[in-house]
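What shape does this take:
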Amino acid sequence: MRLLIVLDRPDTALFTLRTAGALAERLNADRIRILHPRLESDPAFQTPDEGMPSTEEQQRFAREENERADRLREIASAWMGSSQAEERYQPDRQWMEISGDVRKVTAQEARNADFVIHGRPRRGEPTYVTDAFAGILYDAKATLVVAPLQDYASVGRRPVIGWHPSRALDCAIAAAMPLLETAECVTFIIGERDSAETDLPDFANSLTERGVKFLVDRFRIDGDVGEQIRAHALAADADLLIMGAYTRPHFLEWMFGGATQDVFAHATLPILTHH
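As a prediction, this is how the structure comes out:
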């Protein structure tokens, strides 16, 4: 099992690493790669009408990029050292810094991973954060775990599934099967707009055959469905929310603080998703 951790912001890095560590323990991952995709050029000067950076601006950009990389490297190194001392198994870990187009670099590395872990986005993040998410979800079509800005002792022991039949959710569930089949309990959260009940997926019965308990939580959609799903997931004492990604513009708007569906605005869960 191969995990890729994408680090690009020092203030979210430790939460991302700890979420990845909990996930790696559940999956018994044998290889963990920690990627810092470095900007090769100043994004403030990407088009001809933005002009050319002065020498002073070039030096400032290089200094800030070096400081960010140094800080991320320090955080990752400290986490790897503490994890090796605490874990019963010892996966192969590697730190990588790759300069270039952030979206292309991240997508290339994500294609070689079973799971990609990236820190929770917030409103007004730099373009390189958006580019990394787009590279993971839409270019590599990888399975993404979004780490929250808080620690969870486990990831995937009590997963909830935001169930609404879709190809994207099918892909997310297929990737999450090693977690679902060994979970303590799986909860299906189903939002409905009319009186017709959404059928459960066929694999729900296979969970029972494996001795995995599952629960069903149905609710009437009233307002912000993203916030309702988040609230029901937290009420279920879950440690992972599994859901499918929307089409690119809508999902990225939602993820980065859309006006109506900002499920990340408050305390939330690790989220496993796929496009």
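
C-alpha from now on. contacts and neighbour counts both.
Fine.

How about residues contacting stretch 27-44?
Residues from elsewhere that reach stretch 27-44 (Cα atoms under 8 Å, 6 or more residues apart in numbering): 1-8, 50, 58, 61, 65, 69, 72, 76, 89-102, 105-106, 128, 178-179.

list the buried ones in that stretch?
27, 29, 31-39, 41 (16 or more other Cα atoms under 10 Å).

So which of those residues is the closest to residue 200?
residue 27 (25.5 Å; Cα to Cα).

just to revisit the earlier point, now which of the contacts of stretch 27-44 would you call buried?
If we count by 16+ other Cα under 10 Å, the contacts of stretch 27-44 have these buried: 2-8, 61, 65, 69, 72, 76, 91, 101-102, 105-106, 128, 179.

In helices, which of these appear?
Judged by DSSP state H, the buried ones among the contacts of stretch 27-44 include 61, 65, 69, 72, 76, 102, 105-106, 128, 179 as members of helices.

Can you lay out these as JSON lines showing pLDDT and distance to residue 134?
Compiled in JSON lines, those are given as follows (pLDDT from 0 to 100; distance: Cα to Cα, whole Å):
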{"residue": "61", "pLDDT": "91", "distance to residue 134": "24"}
{"residue": "65", "pLDDT": "95", "distance to residue 134": "21"}
{"residue": "69", "pLDDT": "97", "distance to residue 134": "21"}
{"residue": "72", "pLDDT": "98", "distance to residue 134": "21"}
{"residue": "76", "pLDDT": "97", "distance to residue 134": "23"}
{"residue": "102", "pLDDT": "96", "distance to residue 134": "10"}
{"residue": "105", "pLDDT": "97", "distance to residue 134": "11"}
{"residue": "106", "pLDDT": "98", "distance to residue 134": "9"}
{"residue": "128", "pLDDT": "94", "distance to residue 134": "10"}
{"residue": "179", "pLDDT": "95", "distance to residue 134": "25"}
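
any weak-confidence spans in the stretch 51-200 of the chain?
Along the stretch 51-200 of the chain, the parts satisfying pLDDT under 70 run over 51, 84-89.

where exactly do the helices run in it?
For the stretch 51-200 of the chain, applying DSSP state H, counting those that start in this stretch gives helices covering 55-86, 102-110, 127-134, 167-180.

one step back: please produce JSON lines containing the buried residues of stretch 27-44, extended by secondary structure, distance to residue 222 and pLDDT.
Listed next are those as JSON lines, based on DSSP: H, G, I helix; E, B strand; the rest coil; distance: Cα to Cα, whole Å; pLDDT from 0 to 100:
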{"residue": "27", "secondary structure": "helix", "distance to residue 222": "36", "pLDDT": "93"}
{"residue": "29", "secondary structure": "coil", "distance to residue 222": "40", "pLDDT": "93"}
{"residue": "31", "secondary structure": "strand", "distance to residue 222": "43", "pLDDT": "95"}
{"residue": "32", "secondary structure": "strand", "distance to residue 222": "41", "pLDDT": "96"}
{"residue": "33", "secondary structure": "strand", "distance to residue 222": "42", "pLDDT": "97"}
{"residue": "34", "secondary structure": "strand", "distance to residue 222": "40", "pLDDT": "98"}
{"residue": "35", "secondary structure": "strand", "distance to residue 222": "40", "pLDDT": "98"}
{"residue": "36", "secondary structure": "strand", "distance to residue 222": "40", "pLDDT": "98"}
{"residue": "37", "secondary structure": "strand", "distance to residue 222": "40", "pLDDT": "97"}
{"residue": "38", "secondary structure": "strand", "distance to residue 222": "42", "pLDDT": "96"}
{"residue": "39", "secondary structure": "strand", "distance to residue 222": "42", "pLDDT": "93"}
{"residue": "41", "secondary structure": "coil", "distance to residue 222": "46", "pLDDT": "86"}
